[in-house]
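K.L.:
below are the sequence and a predicted model for it; my questions follow.
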Amino acid sequence: MIQLKLTPTARYVLLVVLILLGIHSILTFTHEPYGRATSIFSWSSAAAPPAVPDTYYDSDADVSLTPAHNTSARANATILMLARNSDVESAVRSVRELEDRFNRKYHYPWVFLNEEDFTSDFKRRVSNVIAGPVYFGKIPHDHWFQPAWIDENRASAARQQMVDDNIIYGGSVSYRNMCRFNSGFFYRHPLLQQFKWYWRVEPDVHFRCDVNFDPFRYMEDHNKLYAFTITMYEFAATIPTLWETVKEFVSLHPQYVKANNAMNYMSDNGGESYNLCHFWSNFEIASMDFWRSEAYSQYFEYLDSKGGFYYERWGDAPVHSIAAGLFASKEQIQFFDEIGYEHNPYTHCPRGPGAWERGRCDCDAGRSFDYDGYSCMRQWDRIQ
Ligand SMILES: Nc1nc2c(ncn2[C@@H]2O[C@H](COP(=O)(O)OP(=O)(O)O)[C@@H](O)[C@H]2O)c(=O)[nH]1
Ligand SMILES: [Mg+2]
């Protein structure tokens, strides 16, 4: 028999380690966010994500300046950016990156929207880095500003409470206008009526890989409605009554809920409560016809009528994601692993076999947000 002889110091160290391990396991099992944030096994057994087939790739991707010739025609699509004039520097950087990584070969038109007139400096600077058509539009007043029927006393009290609680953008009215506009209005803008598809881009984001295929074409051919690259948990304090409101809507209009939907990605108990998982909407490639549909129009009207965009701080990300999760089938939601994408502080870097090399990605694949404790990739993968 082996006798383990420990000095008093070693015994003390061992005791401390055992106590720390004990506290860690108690916290892991009793505090879900703690478990998520510290788990090294947060998401390790997942299968490779589905890959866009070779036939969608431009054959001479590195040199071609013409649209991909081995795929069918271009889609009816635009690249869309909402921005302020003061965003010009970071807007130009985002546009330049997406043009270089993707759109120089496809020449999809860009649309820029703002609740103010764009300055000639903004227009000149972004146009300078865009190869194809570009449009600048002003948002109609009523699509942007807080409606008169919102009780401002109630709204400002809610904002003050969120400031006191240190909730990000908790005191901002313009942020709320932006979230409501992105939830229910952008696809109604006159400049967007001509298009079915959009790719949402923000100032100051980064495209970390070449996109040598046409994601719009892929979406069109595969009957997709919504695509994402990053999925995560929402701050519960920004949406205290959102899920209850969604449940009310669904009980009033059960006919809009699609069979084989993504409910089990958003809920761990069959829809009783929301697990806060959503698609990070600063990147979206989606069908505006989906947002223009009767189901989504009714859904948005219902949510808006409750005032939660102002009395709470409902984000367009959970509003869009919950709609995609309910009114589309789960197969109509696409995870584009191939598109390396960064919005501070998170980056999605491709993990599928060969995808990183093929896209000449400059991101660190081992540090992709997919593996982070706050990613909802596990919830996405469990419904695949
Ligand atoms: N025109 C305009 N665009 C805005 C305003 N606030 C935010 N945006 C745009 O809305 C998007 C999201 O805003 P951002 O500040 O990036 O929010 P975050 O990503 O949630 O931190 C970006 O495209 C911004 O340029 C605003 O008051 N006016
Ligand atoms: Mg942003």
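P.N.:
Thanks, I have it. Please read all numbers here as calculations on a predicted model, not as lab measurements. Ligands and ions are numbered 1, 2, ... in the order given.

K.L.:
what's the first helix or strand after the lowest-mean-pLDDT helix or strand in the chain?
P.N.:
Within the chain, no helix or strand scores below helix 32-38, which has a mean of 48 by mean pLDDT, DSSP states H and E. Downstream of helix 32-38, the first helix or strand assigned by DSSP states H and E is strand 77-82.

K.L.:
could I get the contacting residues of the closest residue in space to residue 154 that isn't next to it in sequence?
P.N.:
Spatial nearest neighbour of residue 154, chain neighbours left out: residue 311 (5.8 Å); criterion: C-beta to C-beta, 6 or more residues apart in numbering. Every residue, glycine included, has its C-beta placed from N, CA and C. By C-beta atoms under 8 Å, 6 or more residues apart in numbering, the contact set of residue 311 is 150-151, 154-155, 158.

K.L.:
and those residues, which are buried?
P.N.:
Neighbour-count burial (16 or more other C-beta atoms under 10 Å) applied to the contacts of residue 311 gives 155, 158.

K.L.:
need the contacts of residue 311 in JSON lines with secondary structure, can you?
P.N.:
Listed next are those as JSON lines, based on DSSP: H, G, I helix; E, B strand; the rest coil:
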{"residue": "150", "secondary structure": "coil"}
{"residue": "151", "secondary structure": "coil"}
{"residue": "154", "secondary structure": "helix"}
{"residue": "155", "secondary structure": "helix"}
{"residue": "158", "secondary structure": "helix"}
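
K.L.:
list just the nearest of the contacts of residue 311 to residue 197.
P.N.:
residue 150 (32.2 Å; C-beta to C-beta).

K.L.:
do I have it right that that closest one meets residue 312?
P.N.:
No - counting by C-beta atoms under 8 Å, residue 150 does not reach residue 312; the two are 11.9 Å apart.

K.L.:
count of neighbours near the closest residue to residue 240 other than its chain neighbours?
P.N.:
In space, and not counting its chain neighbours, residue 240 is closest to residue 312: 5.8 Å by C-beta to C-beta, 6+ apart. Around residue 312 there are 21 other residues, counting by other C-beta atoms under 10 Å.

K.L.:
list the contacts of residue 312.
P.N.:
158, 238-242.

K.L.:
among these, name the buried ones.
P.N.:
Buried among those by 16+ other C-beta under 10 Å: 158, 238-239, 242.

K.L.:
could you check the pLDDT of residue 44?
P.N.:
Here, the pLDDT recorded for residue 44 equals 50.

K.L.:
actually residue 73, sorry about that
P.N.:
Looking at residue 73, its pLDDT stands at 81.

K.L.:
mind listing the strands for the stretch 201-350 of the chain?
P.N.:
205-207, 226-228, 231-233, 277-279, 284-287, 333-335, 341-343, 346-348 (DSSP state E, counting those that start in this stretch).

K.L.:
okay if I get those as CSV plus mean pLDDT and distance to residue 144?
P.N.:
Shown next, in CSV, are those (pLDDT from 0 to 100; distance: least, C-beta to C-beta, whole Å):
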stretch, mean pLDDT, distance to residue 144
strand 205-207, 98, 22
strand 226-228, 99, 24
strand 231-233, 98, 27
strand 277-279, 98, 23
strand 284-287, 99, 19
strand 333-335, 98, 28
strand 341-343, 98, 22
strand 346-348, 98, 28
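
K.L.:
residues from the chain in reach of ligand 1?
P.N.:
Listed as neighbours of ligand 1 in the chain under the rule C-beta under 6 Å from any ligand atom: 82-84, 87, 114-115, 174, 178, 202-203, 282.

K.L.:
flag every buried residue along stretch 157-168.
P.N.:
Buried residues in stretch 157-168, counting neighbours by 16+ other C-beta under 10 Å, are found at 158-159, 162, 167.

K.L.:
which residues touch that stretch?
P.N.:
170-173, 235, 237-238, 310-313.

K.L.:
just the element for residue 160, please.
P.N.:
helix 152-164.

K.L.:
what about that helix, distance to the chain center?
P.N.:
26 Å (C-alpha atoms, centre = their mean, to the nearest Å).

K.L.:
repeat that for stretch 176-185.
P.N.:
The answer for stretch 176-185 is 14 Å, by C-alpha atoms, centre = their mean.

K.L.:
is ligand 2 contacted by it?
P.N.:
No - legend: contact between stretch 176-185 and ligand 2 by C-beta under 5 Å from the ion is lacking; minimum distance shown is 9.7 Å.

K.L.:
can you tell me what sits against that stretch?
P.N.:
Counting by C-beta under 8 Å, 6+ apart, residues outside stretch 176-185 touching it are 82, 115, 139, 143-146, 169, 281, 291, 300-301, 303-304, 309-310, 313-316, 319-320.

K.L.:
would you format the contacts of stretch 157-168 as TSV with pLDDT included?
P.N.:
What follows is the contacts of stretch 157-168, written out as TSV (pLDDT from 0 to 100):
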residue	pLDDT
170	98
171	98
172	98
173	98
235	98
237	98
238	98
310	99
311	98
312	98
313	98
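
K.L.:
great, nothing more from me.
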